[in-house]
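**Student:** predicted model and sequence below, questions to follow.
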Amino acid sequence: MIAFLNGALPILQAVFVLAAVVGGVFVFRSTKRTGIIQIQNDTIAAMQQQIDALKSGQDTLQKENSHLHYVIETISEALKHKGILITVNGEMITLEDTKSQSSVIRRSTKRPIIKKEETL
């Protein structure tokens, strides 16, 4: 019986070591896969936050643009009421008064640099 145990013990020991190595490999792969999935989920969440921020900024800019168009229309109507017609065509602005005098003004091609602070 002792001779049997002496022969079987190294085999059992090798089987346990092999099982531990295989289990360790599976644990390592699973942990690595879980880490990659977590990084992907974090990246997707960050990108979604950026998309939401850009959409919010776009909505704000659209509202501001609509307001500015309204202001321009109001000024044009007020000037028209006073007898001055104003026409804006791209970079050209034409002013005409009731005496049929007109003047054309071309805006400078250099636009001022607008600096905005980014808030996160």
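**Tutor:** Nice, thanks for sending it over. Numbering: from 1, shown residues only.
**Student:** pLDDT below threshold where in this protein?
**Tutor:** In the prediction, the chain carries residues with pLDDT under 70 at positions 1, 5, 101-104, 107-120.
**Student:** one more time with 50
**Tutor:** Within the chain, the ranges that satisfy pLDDT under 50 run 120.
**Student:** please, where are all the helices along it?
**Tutor:** Secondary structure of the chain by DSSP state H: the helices cover 2-81.
**Student:** and Ala20, what does it touch?
**Tutor:** Going by C-beta atoms under 8 Å, 6 or more residues apart in numbering, Ala20 touches no other residue. Where C-beta positions appear, they are placed from N, C-alpha and C, glycine not excepted.
**Student:** please tell me how far it sits from Asn41.
**Tutor:** Separation of Ala20 from Asn41 (C-beta to C-beta, to the nearest Å): 31 Å.
**Student:** again, but for Ser76
**Tutor:** Taking C-beta to C-beta, one finds Ser76 at 52 Å from Asn41.
**Student:** same thing with Val21?
**Tutor:** The spacing between Val21 and Asn41, counted by C-beta to C-beta, is 31 Å.
**Student:** for Glu96, same thing?
**Tutor:** Remark: distance between Glu96 and Asn41 (C-beta to C-beta) = 62 Å.
**Student:** now do Ala3
**Tutor:** 58 Å.
**Student:** looking at these two, which one has more neighbours?
**Tutor:** Shown here are Ala3 and Asn41; by other C-beta atoms under 10 Å, Asn41 has more neighbours (10 against 7).
**Student:** if I pick Gln48, what's in contact with it?
**Tutor:** Gln48 makes no contacts at all, as judged by C-beta under 8 Å, 6+ apart.
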